[in-house]
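Quick one: sequence plus predicted model below, questions after.
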Amino acid sequence: MDLFSDEAQLQAIPIEDGELALLHRLPLPLSNAEVFERLLQETAWRHDSVVVYGKRHLQPRLTAWYGEASYTYSGLRLEPLPMTPLLAQLRGAVEAATGHRYNSVLLNHYRNGQDSMGMHSDDEPELGPHPVIASLSYGATRTFILRHKRSKRTVKLDLADGNLLLMTGSLQENWLHGINKTAKPIGSRLNLTFRYIG
Ligand SMILES: O=C(O)CCC(=O)C(=O)O
Ligand SMILES: [Fe+2]
């Protein structure tokens, strides 16, 4: 691959009230398929329940939390596991590609089209005022939906195997994002969101 081609650089995605950029493939000395298989096998996947509007539900996906700090969302407190060598390697590559530091990663395993993530912002206080969130995807392509909090404008991005999406600036303040269920027969997708917990 030509290292100076557009494919090797983060490309800004024009959007109002926030910053988004996409890198087609995070450069690594491993194939996407190897990363996918190892993440699937080596991760301590959990199937947690959360309380939404006073009712307890199993989350429609599997999750895991690695890094240096605990993390609380939807009434669920996650204690961190130490990053595996593969996660540390991915973090290093994501730091080099984005120019930001990360000390934690949330992994999500969407087992099939029925798994999803509700619309939310990653705006927990421990992420700071302008969180930098680097989202790395492997496996099946899923549509990432953004909805502006005031105008309700919707932006859809297909996130494919090896894609890295960087969310920065005031994006979390002004937009919600999530992954809808799909009736299409599709395989598993893994997503890793690297974060800095202060
Ligand atoms: O799976 C995705 O692309 C989104 C994950 C996400 O929004 C999160 O982990 O906060
Ligand atoms: Fe998120």
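Nice, thanks for sending it over. These numbers were taken from a predicted model, which means no experiment stands behind them. Ligands and ions are numbered 1, 2, ... in the order given.

Out of the helices and strands in this protein, which is least certain?
When each helix and strand of the chain is scored by mean pLDDT, DSSP states H and E, strand 71-73 comes last, with a mean of 82.

outside of the helix or strand following that one, which residues touch it?
Using DSSP states H and E, the helix or strand that follows strand 71-73 in sequence is strand 76-78. The contact list for strand 76-78, computed with Cβ atoms under 8 Å, 6 or more residues apart in numbering, reads 48, 50, 63, 65, 70, 71, 72, 106. For every residue, glycine as well, the C-beta is placed using N, CA and C.

still on that earlier bit, starting at the chain centroid, how far to the least confident helix or strand of the chain?
In this view, strand 71-73 has its centroid 15 Å away from the chain centroid, taken as Cα atoms, centre = their mean, to the nearest Å.

Up against ligand 1, what does the chain have?
Contact residues, the chain versus ligand 1 (Cβ under 6 Å from any ligand atom): 106, 108, 117, 122, 135, 144, 159, 177, 179, 191, 193.

Now do the contacts for the third one.
Looking back up the chat, that one is residue 117. Taking Cβ under 8 Å, 6+ apart, we find residue 117 in contact with 60, 61, 108, 110, 178, 179.

Just the buried residues of those residues.
The neighbour count (16 or more other Cβ atoms under 10 Å) marks 61, 108, 110, 179 as buried among the contacts of residue 117.

Tell me who's in contact with the closest residue in space to residue 16 that isn't next to it in sequence.
Nearest non-adjacent residue to residue 16, counting by Cβ to Cβ, 6 or more residues apart in numbering: residue 148, 7.5 Å away. Residue 148 sits next to 16, 17, 154, 174, 175 when contact means Cβ under 8 Å, 6+ apart.

what sits opposite residue 148 in the beta ladder?
With DSSP bridges as the criterion, residue 148 is bridged to residue 175.

And it, how far from ligand 1?
Residue 148 sits 16 Å away from ligand 1, going by Cβ to the nearest ligand atom, to the nearest Å.

try residue 74
11 Å.

For that residue, give me the pLDDT.
Residue 74 is assigned a pLDDT of 74 by the prediction.

Next, the residue in the chain positioned nearest to ligand 1: phi, psi?
Ligand 1 sits closest to residue 191 of the chain, with a gap of 3.4 Å, by Cβ to the nearest ligand atom. Dihedral pair for residue 191: phi -130, psi 140, per degrees, to the nearest 10.

was I right about residue 176 contacting residue 144?
No: between residue 176 and residue 144 there is no contact under Cβ atoms under 8 Å: 11.4 Å.

from the chain's centre, how far out does the helix ranked longest in the chain sit?
In the chain, with assignment by DSSP state H, the single longest helix is helix 85-98. Distance of helix 85-98 from the chain centroid (Cα atoms, centre = their mean) equals 14 Å.

Show me what that helix packs onto, helices and strands only.
Here helix 85-98 touches helix 32-42, strand 104-110, strand 133-139, strand 164-168, strand 189-195, going by 3 or more Cβ pairs under 8 Å, 6 or more residues apart in numbering; DSSP states H and E.

which residues are contacting the first one?
By Cβ under 8 Å, 6+ apart, the surrounding residues in contact with helix 32-42 are 25, 28, 30, 84, 86, 90, 107, 109, 138-139, 161-162, 188, 190, 192.
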